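>>> All I have is the shape, not the residue letters:
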Ligand SMILES: Cc1cc2nc3c(=O)[nH]c(=O)nc-3n(C[C@H](O)[C@H](O)[C@H](O)COP(=O)(O)O)c2cc1C
Ligand SMILES: Nc1ncnc2c1ncn2[C@@H]1O[C@H](COP(=O)(O)OP(=O)(O)O)[C@@H](O)[C@H]1O
């Protein structure tokens, strides 16, 4: 973790999704920073505390740590400080944590924090304790109200649920952005080309990334300096006897080799469930229907966005 030399205003949290509720806190953080001539910093823990303390839960996150870094940077926050959350770290007392991290490493002069934030060994300390420690260490504490905190927590949970149910449009509305999957294009079973629909297989290295419900989706990706639309299948390819989950996209009006490339694929809309067809001809017919549906979606969205 890098140290922040200049005095800062800090907020602490996971910020999973960096959604419209988080955006309000980020706006506040930047506003306080500017008015007080401080640098703005978000302190986040990675791996997520629940990944370390409750491994069995297997939590899924909307953003990988790399995705979160990128989005937060794009919002104009000066520092995203990622502190490695370990069992040893979780045993620091509240005072040790405040002194070692918030004061010595982040040089915090102001801390913006939820009314119910708890910290230190066994989550012993609360916002009142933080205010007291502020008197010793020279920072002040600004509280985020119950209502604002609940809005944020509820929408991260709501977004995860919407993604798991395949309701990408709802997730995108809450995110104020398009949900995306990022990874590398790898070789598949080499069946796609024979079906007339070559598909780029996306390999996501982070096992904690949330994956939408199996099914077919309209997507877009930035390839070769332009936006290309595609249709993505998430599933096990039951028609051709597959059994492991793959994420594969056929890109429209595109014919280049994508193997080995890092791709960011943004998901726009769900089309249908993945189906186990009786034979490959039925699958091809369904893919052609998906193609027609996708083309008319693109036409309509072009009419709306005028691009
Ligand atoms: C738009 C689209 C829809 C698809 N729908 C289904 C489906 O409903 N059922 C299915 O078994 N496979 C479906 N597939 C997956 C094909 O079976 C898959 O593309 C084929 O197995 C090629 O795999 P490969 O890329 O590993 O060669 C779909 C693929 C695409 C691109
Ligand atoms: N329109 C396209 N959409 C997706 N991939 C394409 C397209 N045109 C060419 N490709 C290339 O073809 C590969 C997919 O071919 P495919 O026969 O499905 O093989 P495999 O399943 O072994 O990856 C992609 O990874 C990409 O490199």
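That came through, no problem. This structure is a prediction, so every number in the text was calculated from the model and none was measured. Ligands and ions are numbered 1, 2, ... in the order given.

>>> Is the residue in the chain that ligand 1 sits nearest to in a helix, a strand, or coil?
Of all residues in the chain, residue 188 sits closest to ligand 1, at 2.6 Å by C-beta to the nearest ligand atom. C-beta coordinates here come from the backbone N, C-alpha and C atoms, glycine included. Put simply, residue 188 is coil when judged by DSSP: H, G, I helix; E, B strand; the rest coil.

>>> mean confidence score for stretch 299-307?
In this model, stretch 299-307 carries a mean pLDDT of 74.

>>> try stretch 49-63
Mean predicted confidence for stretch 49-63 is 79.

>>> Give me the contact list for it.
Stretch 49-63 has contacts (C-beta atoms under 8 Å, 6 or more residues apart in numbering) with 14, 16-19, 48, 71, 85-87, 90, 156, 159-160, 163-164, 175, 179, 208-211.

>>> is the longest helix seen in the chain anywhere near ligand 1?
In the chain, taking DSSP state H as the definition, the longest helix is helix 280-305. Yes. For helix 280-305, a contact with ligand 1 is found by C-beta under 6 Å from any ligand atom, at 283, 286, 287, 290.

>>> Any of the contacts of stretch 49-63 buried? List them.
The neighbour-count criterion (16 or more other C-beta atoms under 10 Å) marks 14, 16-19, 48, 71, 85, 90, 156, 159-160, 163, 175, 179, 209-210 among the contacts of stretch 49-63 as buried.

>>> In helices only, show me the residues you listed.
71, 90, 156, 159, 160, 163, 175.

>>> want to try CSV for these, with distance to residue 305 and pLDDT as columns?
What follows is these, written out as CSV (distance: C-beta to C-beta, whole Å; pLDDT from 0 to 100):
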residue, distance to residue 305, pLDDT
71, 21, 94
90, 47, 86
156, 28, 91
159, 23, 97
160, 28, 96
163, 23, 98
175, 18, 96
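
>>> what's the farthest-apart pair in those residues?
90 and 175 (29.6 Å; C-beta to C-beta).

>>> Can you tell me what sits against stretch 289-307?
216, 218, 229, 230, 231, 252, 268, 269, 271, 272.

>>> Is it correct that residue 16 is in contact with residue 155?
No. Here residue 16 does not reach residue 155: they are 10.1 Å apart, not a contact under C-beta atoms under 8 Å.

>>> still on that earlier bit, make CSV from the contacts of stretch 289-307 and add pLDDT and secondary structure to it.
Listed next are the contacts of stretch 289-307 as CSV, based on pLDDT from 0 to 100; DSSP: H, G, I helix; E, B strand; the rest coil:
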residue, pLDDT, secondary structure
216, 98, strand
218, 98, strand
229, 97, strand
230, 98, strand
231, 98, strand
252, 97, coil
268, 97, strand
269, 97, strand
271, 98, strand
272, 98, strand
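
>>> Select only the buried ones of the residues you listed in PyMOL?
Selection of buried members from the contacts of stretch 289-307 for PyMOL, criterion 16+ other C-beta under 10 Å:
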select buried, resi 216+218+229+230+231+268+269+271
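
>>> With distance to residue 54 as new columns, can the contacts of stretch 289-307 be given to me in TSV?
Output for those, formatted as TSV (distance: C-beta to C-beta, whole Å):
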residue	distance to residue 54
216	34
218	36
229	40
230	37
231	37
252	43
268	34
269	34
271	36
272	35
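
>>> Return the member of the contacts of stretch 289-307 nearest to residue 201.
The shortest approach to residue 201 among the contacts of stretch 289-307 belongs to residue 230, at 12.5 Å (C-beta to C-beta).
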